[in-house]
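Participant: give the three-dimensional model of this entry:
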Amino acid sequence: MRCPFFGPDPTRAYHYLQIMNPSFCSIEDFDLSKATVLVGELPWTREQRPSNILVLPSSFPEAKLYALLKALFGRPKGMMSIALHPEGDPDALFKYEFSIKLPDDTRLSVMRSWLNVEVHSWGRKLELKEVIRLFTFNFELHKEEVRKSLEDLEVYRLIINPHFRHKKMMNLFQEELKHSNPHVPTLPKTLLVTAKESTYYAKVVRAYVKEMERQNCFAVSLVMESAYTAESYLNLVLALARNDVLQANPKMFLDALYETWRDKIERLPLHCNMVSKQPSLEDAPVKNLERVFRLRNKIAHSYPDREDLCVAKIWFDQRIPLLPACESHVLYQCGVNSLLPRREEALECPDLVGKFIDYVDSLLEGPAKESVQRAGRSNPLGFSETTQRYGVPYGEDIGMGFFTAR
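Facilitator: Numbers count the residues shown, from 1 in each chain. Below you'll find the predicted structure:
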């Protein structure tokens, strides 16, 4: 049952009815603007435990709830918020806390952690449906204030960081390729073997062929991801450090992104702010990176090239194959898998890419260098629709923690 006096003039009637019968009045239709905000003080005493803790459904609109509370009470000033940086901290375990006091001295705390949004109450036990109804009722009651408050918030898009993704994949394929080094199987000298030996040799050859295919897969992927890692870093620099001309002209920015990697590195001073010196294609890190892209291009544009993809020369007499030596045909039939790229060539690529990225960093100066380096280590990135700039919304580590129950 709801208190008939609670909406129009809650303070005296509500306080009286709560004393007489605490279950009589509901908070569902309470106007939150009549509550008192608690600034930097605990909503409970040291000896007092919360009457209950409610977890809002994951589908409940957090931004709208925050906009409502901010419109009525200003920026969050609960204890958890006071303990943070004045502007907030996206990596903190607790993001914000609003603490308010109702006319009957019931105290509510709306607390946002890394996991969920909780509503703590002191002085009365609440049901989740009551709290949800309280907030939804106030959404409608203060819809114009909520709308304006939402509009004042910065709209921020979380974006996958391509460089971060490609670098992770490059490192993964590098580790896999290091541990994939198939050895040529030892085969019998004659065709006359025991049944047990026949099974064994067939198994050995199949395992060798399978491992060669895995090695080739890792080698090709490593080369491709190495090239993507290098070029995506150049694109990251363009996105974060681009000058005002590219910032104001999306088409020119896209044209710069679609240039070749050589043109991108040469034109960094033209396209970006805070580039300290003119890069040169003759500098060792740039020249060495050419080997990575040459391999990448051979793979990307590969065809049955008689030079690059030639594993051996043999002879045929009509349909009779003849090898250079009296050895097994096995190696000739599967050896081509390891040719483009060779294992050693692929394993060299990450180191060349790392030195190239260090070279690009050395071209930057001031805040651009630090912001690009930090962005390169972060995922996701953010894009502010308000400022039209990229940024880093979270730290490099996922912030999470728990309280253990006694």
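Participant: tell me how many other residues crowd the closest residue to V117 other than its chain neighbours.
Facilitator: Leaving out its chain neighbours, the residue that sits closest to V117 by Cβ to Cβ, 6 or more residues apart in numbering is L56, at 4.5 Å. Every residue, glycine included, has its C-beta placed from N, CA and C. Here the number of neighbours of L56 (other Cβ atoms under 10 Å) works out to 19.
Participant: I'd like the numbering to begin with 376 instead of 1 from here.
Facilitator: All right, first residue 376 from here; so that's L431.
Participant: what sits against L431?
Facilitator: Shown in contact with L431 (Cβ atoms under 8 Å, 6 or more residues apart in numbering): E437, L440, N491, V492, E493, V494, L503, V506, I507.
Participant: recalculate using a threshold of 7 Å.
Facilitator: By Cβ atoms under 7 Å, 6 or more residues apart in numbering, the contact set of L431 is N491, V492, V494.
Participant: separation between A616 and I695?
Facilitator: Distance of A616 to I695, computed by Cβ to Cβ, to the nearest Å: 64 Å.
Participant: apologies, that question was intended for P537.
Facilitator: According to Cβ to Cβ, P537 and I695 sit 52 Å apart.
Participant: next SSE after the helix or strand harbouring F593?
Facilitator: In this assignment (DSSP states H and E), F593 forms part of helix 570-616. Of the helices and strands lying after helix 570-616 in sequence (DSSP H and E), the nearest is helix 619-623.
Participant: any idea how many residues pack against the residue nearest to D464 when sequence neighbours are not counted?
Facilitator: Distance criterion Cβ to Cβ, 6+ apart; nearest residue to D464, sequence neighbours excluded, is K470 at 7.6 Å. Here the number of neighbours of K470 (other Cβ under 10 Å) works out to 21.
Participant: surely K470 touches R487?
Facilitator: Yes: contact criterion Cβ atoms under 7 Å: K470 and R487 qualify, at 4.3 Å.
Participant: quickly note the distance from the nearest residue to G774 once chain neighbours are set aside to L722.
Facilitator: Spatial nearest neighbour of G774, excluding adjacent residues (Cβ to Cβ, 6+ apart): D466 at 4.5 Å. Relative to L722, D466 is positioned 36 Å away (criterion: Cβ to Cβ).
Participant: which one of these two is surrounded by more residues?
Facilitator: L722 (18 against 13).
Participant: outline the domain layout of the chain.
Facilitator: Here the domain parsing of the chain from automatic domain parsing is 385-528, 535-677+719-766.
Participant: so which of those domains comes closest to L706?
Facilitator: For these, the distance to L706 is smallest for domain 535-677+719-766, at 6.5 Å, taking Cβ to Cβ.
Participant: after the helix-or-strand element of the chain with minimal mean pLDDT comes which helix or strand?
Facilitator: Taking mean pLDDT, DSSP states H and E as the measure, the chain has helix 385-395 as its least confident helix or strand, at a mean of 48. The helix or strand immediately downstream of helix 385-395 is strand 411-412, counting by DSSP H and E.
Participant: with just CA atoms, put stretch 726-738 into CSV.
Facilitator: Provided in CSV are the C-alpha atoms of stretch 726-738 (Å, rounded to 0.1, in the frame of the first residue of the first chain):
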residue,chain,number,x,y,z
ASP,A,726,62.3,-8.1,-34.4
LEU,A,727,62.4,-6.0,-37.6
VAL,A,728,58.9,-4.6,-36.8
GLY,A,729,59.9,-3.8,-33.2
LYS,A,730,62.9,-1.8,-34.4
PHE,A,731,60.8,0.0,-36.9
ILE,A,732,58.2,1.0,-34.2
ASP,A,733,61.0,2.3,-32.0
TYR,A,734,62.2,4.3,-35.0
VAL,A,735,58.8,5.8,-35.5
ASP,A,736,58.6,6.7,-31.8
SER,A,737,62.0,8.4,-32.1
LEU,A,738,60.5,10.8,-34.7
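Participant: can you give me the buried ones in that stretch?
Facilitator: For stretch 726-738, a neighbour-count test (16 or more other Cβ atoms under 10 Å) marks L727, V728, G729, F731, I732, Y734, V735, D736, L738 as buried.
Participant: show me which pair in these is furthest apart.
Facilitator: L727 and L738 (17.2 Å).
Participant: ok, how many other residues are close to the residue nearest to P465 when sequence neighbours are not counted?
Facilitator: Closest residue to P465 apart from its sequence neighbours, by Cβ to Cβ, 6+ apart: Y769 at 5.4 Å. Using other Cβ under 10 Å, Y769 has 15 other residues around it.
Participant: per-residue confidence at the nearest residue to T561 once chain neighbours are set aside?
Facilitator: Excluding its sequence neighbours, the residue lying closest to T561 (Cβ to Cβ, 6+ apart) is V579, at 7.8 Å. Here the pLDDT value assigned to V579 is 89.
Participant: H676 versus V579, what's the distance?
Facilitator: For V579, the distance to H676 - Cβ to Cβ - is 36 Å.
Participant: which of the two has more neighbours?
Facilitator: Counted by other Cβ under 10 Å, V579 and H676 do not tie: V579 has more neighbours, with 14 against 8.
Participant: what distance do you get for that one to E572?
Facilitator: In terms of Cβ to Cβ, V579 sits 10 Å off from E572.
Participant: equivalent analysis for M544, please.
Facilitator: 42 Å.
Participant: more neighbours, the two?
Facilitator: M544 (17 against 11).
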